[in-house]
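Asks: Sequence below, structure please.
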Amino acid sequence: MKKIVLALSVLASTISFAQETKDTKIKEKEIEAVVMTKTKKAVEQKADRTIFDFSEQPSLNSGSLMEGVKKLPGLVVSDMVGMMYQGKPLDVYMDGRTLNISSNELNAFLEGMPANSVERIEIITQPGAEFPATSGGAILNIITSKSAKNYLTAVYNGGYRFSSYDKYRSRFNNSIALNSRNKWFGWQVNLGQYYRESLSLSEFDQLTRNHSSSLGRTYYMNSAFTFELGKDRLLLNYDVNHNNGGADITTDNFLNGTSTSNFGSATKGLRQEVAATYQKKFEDKNKKLDFKAVYTNSDSEFNQFGDRSLNNSSLFNLYNFKIDYSQPLKILDEGKVSFGALYDQQNFETKDGNIVNLDYTRQTTSAYLEFQATLKKFDFIAGARAENYDITGITRMIDNNGNLKQDNLNPFKKFKVFPNASVQYNLMKQLFVNLNYNKKISLPSVSLLNPNNTTLSTETLTTSGNPDLQPTIYDNAEIKISAFDYAYIGYNTSWVKDQIVQKVSREGNLIRNEQVQVNSIRTHNFNFGMPIPFMLFTTPFSELMKFNVNPDKMNLLYVYAGYQIQEMPDIKSKGFWVFSLMGQFILPKDIRLQANYNVIPKGGNFYYFQIEKPLNNAFDLTISKKFMADRLNLSLYARDIFNQNKSVIVANSLGGKVFTSNKFDSRSFGITVNYKIPTKNKLAKEDPNMIKQTTQSESNGGVLQPGQ
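Replies: Reported below is the predicted structural model:
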């Protein structure tokens, strides 16, 4: 271990020295108009977030965004666990704005978005007062914007892959990104499509077995426009995402012998979002004043055909307006003050046929104040966010007598204050200790409230929403030690009130899948991450000290391990582990090979579920090579080579235990092409102030850039 730590120190020092030397040389040659290029860090850790670059990593940007997200060390995605990072539930944003889509739609959204349309992902592990208190434990922010170039640039991305579980199933995507800019105006448009065929096999308590063959199509356009208004700037965004698909389902029931039923389903969805941001500029570049307005509309339909028919639809509208201001302030050695306000209104309506069975309205008004200060080797953050909630709604249903019954939802009208505080001690360059506390709230997603059944309904299986769910309150505390952006060890704990959890139970011959709330839960999470260069095992340390480190040419292994346990009042829980390994290998001719292995071993509990067989158990390979002066990047990949990714769990309930299993056609093989189309502006320079401004964090140099 000592050798590893010392080697990492040498690695960081060498990179820092090389970067300083590079900067000095650049300054000396600046009058000769030398063109500088930036390389991005594959992973970058800051005091409040971890940043993963997607744009130049074939292992991440091949296939769908969901596949890339699943490979991030410490991030867990599954039907049972949901989406968590280092044990914290994630709220999903895109370009700094919350997606505002239901949890049921989120998986389809990420599956329908090609990973090569994403520049990077920021996981904000310690959201401060600037973010809504509803951000929960952590935020996953998908950054799709790219640095534009003067005049016109164009990039094509395409890919194809197939699986062959019981027959060949295809998935392919195509997209083109266009950028243009002059000193008054800039624009960016990304057009694309994604087609996917997939298989799902599920079994419940040896009572019923389902074979589902589905097809999905997604078409999208993301556009952004920048107008320079004197010293100020106006940014406009319009995004549209349309998806449609369906499934053919065969269900075998084992009540009295074996009976077979056939179902079909069709889904449609249209999501549109318009955003406008006005940025006021000051002589002091550290001052910021932003006005942002967002309107989101999402319309979806779900129909089931066969022995049981369903005709469900939903309509979601969001109106959001916020103001953010920050400026430097003399606090201790140096500091900054930030404050702002937010108004947010959401309207959600669901229909069962022609009956509006849920009419839900949520209004949030909030304001925040946050201070940041530095004193020698200490960094301090302290703030508070005050939020006022007004949540109301009604439900309607047909009772057993055929009458329409209407009930009011349990209202939630409260004013709450959410404090946050963070202290970071910088032991040395790129080595720090961080302590953090924050209080957060999580509001039930509209899909969990939706009384409609948006999944398969049979005589032995039913899934329903719960319109009476209440918000969840979190008190989070964390301690973390990070080194050189990549190595870290941390512990975080949460005291949770009214946690929403999934529960599966059996009543006679009917299996019920529902959402319930647990009054009090305590969670504990331990996390560890470490890069291990292979040269440590072949090179004496005295020689390692002399080695001219080039991380882009380094063979290494990145190890992540996490452990979580949830203390619940009504069951005895066992903790579960999460392991992730990533190997980078530089082959002759600058061919890059990357291997990923992820697994959650059996034996632990996630709330009411007991893990019977390893979850997320998959081994992936990606091989990539650049051609034509790096304009063409070609990648070949294989997902879940050994076809081991299967979910087998036992649900605990008062009525006993329910056995469930689920298997997807996760083994697949494919190719991805990225081609930078030549244009006349060969000397175009990067413009760092392009559209869709969010929390930017590009930096020179980098370590651990697999597959670049």
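Asks: Adjacent strands (with direction) for the one helix or strand S223 maps to?
Replies: Element membership of S223 [criterion: DSSP states H and E] is strand 208-229. Strand 208-229 pairs in its sheet with strand 185-204 (antiparallel), strand 232-253 (antiparallel), by DSSP bridges.
Asks: Name the residues of that strand that are buried.
Replies: Taking 16 or more other C-beta atoms under 10 Å as the basis for neighbour counts, the residues of strand 208-229 that come out buried are 208-210, 212-214, 216, 218, 220, 222-226, 228. Where C-beta positions appear, they are placed from N, C-alpha and C, glycine not excepted.
Asks: Most distant residue from the centre of this structure?
Replies: In the chain, the greatest distance from the average C-alpha position (C-alpha atoms, centre = their mean) is reached by N401, at 45.5 Å.
Asks: partners of S482 in the sheet?
Replies: F432, Y488.
Asks: Check it and give its pLDDT.
Replies: S482 carries a pLDDT value of 81.
Asks: And the one 5 residues further on, by the same measure?
Replies: Per-residue pLDDT puts A487 at 80.
Asks: can you pull the contacts of T395?
Replies: T395 is in contact with 357-358, 406-407, 409, 451, 467, counting by C-beta atoms under 8 Å, 6 or more residues apart in numbering.
Asks: cool, and S661?
Replies: Remark: with contacts taken as C-beta under 8 Å, 6+ apart, S661 is in contact with 202-203, 646-649.
Asks: how does it look with 7 Å?
Replies: Under the criterion of C-beta atoms under 7 Å, 6 or more residues apart in numbering, the neighbours of S661 are 202-203, 646-648.
Asks: so where does it fall, helix or strand?
Replies: Assigned by DSSP H and E, S661 falls within strand 656-664.
Asks: for the record, mean pLDDT for that strand?
Replies: In this model, strand 656-664 has a mean pLDDT of 85.
Asks: what sits up against the helix or strand that it is followed by?
Replies: Per DSSP H and E, strand 656-664 leads on to strand 668-677 as the next helix or strand towards the C-terminus. If you take C-beta under 7 Å, 6+ apart as the criterion, strand 668-677 is touched by 58, 62-63, 116, 154-163, 631-639.
Asks: Return the subset of the residues you listed lying in helices.
Replies: In this view, the contacts of strand 668-677 that belong to helices under DSSP state H are P58.
Asks: Within the helices and strands, which one has the most centrally placed residue in the chain?
Replies: When the chain is reduced to its mean C-alpha position, the nearest residue by C-alpha atoms, centre = their mean turns out to be L140, at 4.2 Å. Secondary-structure element containing L140, defined by DSSP H and E: strand 138-143.
Asks: how about the CA coordinates for that strand, as CSV?
Replies: Extracted C-alpha coordinates of strand 138-143, given in CSV (Å, rounded to 0.1, in the frame of the first residue of the first chain):
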residue,chain,number,x,y,z
ALA,A,138,-26.8,13.5,-4.6
ILE,A,139,-27.3,14.8,-8.2
LEU,A,140,-26.4,13.2,-11.5
ASN,A,141,-26.0,16.0,-14.0
ILE,A,142,-25.8,15.0,-17.6
ILE,A,143,-23.8,17.6,-19.6
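Asks: from the chain's centre, how far out does it sit?
Replies: Averaging C-alpha coordinates over strand 138-143 and over its chain gives two centres that are 5 Å apart (C-alpha atoms, centre = their mean, to the nearest Å).
Asks: which helices and strands sit right next to it?
Replies: Using 3 or more C-beta pairs under 7 Å, 6 or more residues apart in numbering; DSSP states H and E as the contact criterion, the secondary-structure elements in contact with strand 138-143 are strand 88-94, strand 120-124.
Asks: Could I get the average pLDDT for it?
Replies: The average of the pLDDT scores along strand 138-143 is 82.
Asks: Show residues contacting that strand.
Replies: Here strand 138-143 makes contact (C-beta under 7 Å, 6+ apart) with 85, 88, 90-96, 118-125, 127, 131, 694.
Asks: Can you give the strand pairings for that strand, parallel or anti for each?
Replies: Sheet pairing here is set by DSSP bridges, and for strand 138-143 it gives strand 88-94 (parallel), strand 120-124 (antiparallel).
Asks: Which positions in stretch 374-389 come out as buried?
Replies: 374, 379-387, 389.
Asks: Contacts for it next, please.
Replies: The list of residues contacting stretch 374-389 from outside it, by C-beta under 7 Å, 6+ apart, reads 47, 128-129, 133, 332-335, 364-373, 412-426.
Asks: Which strand or helix spans V496?
Replies: Counting by DSSP H and E, V496 is found in strand 487-507.
Asks: S313: what's it in contact with?
Replies: With C-beta under 7 Å, 6+ apart, S313 has these contacts: 300-301, 351.
Asks: returning to what we had before: nearest to T493, out of the strands paired with strand 208-229?
Replies: strand 185-204 (34.2 Å; C-beta to C-beta).
Asks: quick one: N157 and P678, what's the gap?
Replies: Taking C-beta to C-beta, to the nearest Å as the measure, N157 falls 16 Å from P678.
Asks: And for S520?
Replies: Using C-beta to C-beta, one obtains 62 Å as the distance from S520 to P678.
Asks: Can you tell me the strand partners of the strand ranked longest in the chain and which way each runs?
Replies: Counting by DSSP state E, the longest strand found in the chain is strand 510-533. Based on DSSP bridges, the pairing partners of strand 510-533 within the sheet are strand 461-463 (parallel), strand 487-507 (antiparallel), strand 556-567 (antiparallel).
Asks: returning to what we had before: which one among the contacts of S661 gets closest to N525?
Replies: Distance to N525, by C-beta to C-beta, is smallest for S647 among the contacts of S661, at 21.5 Å.
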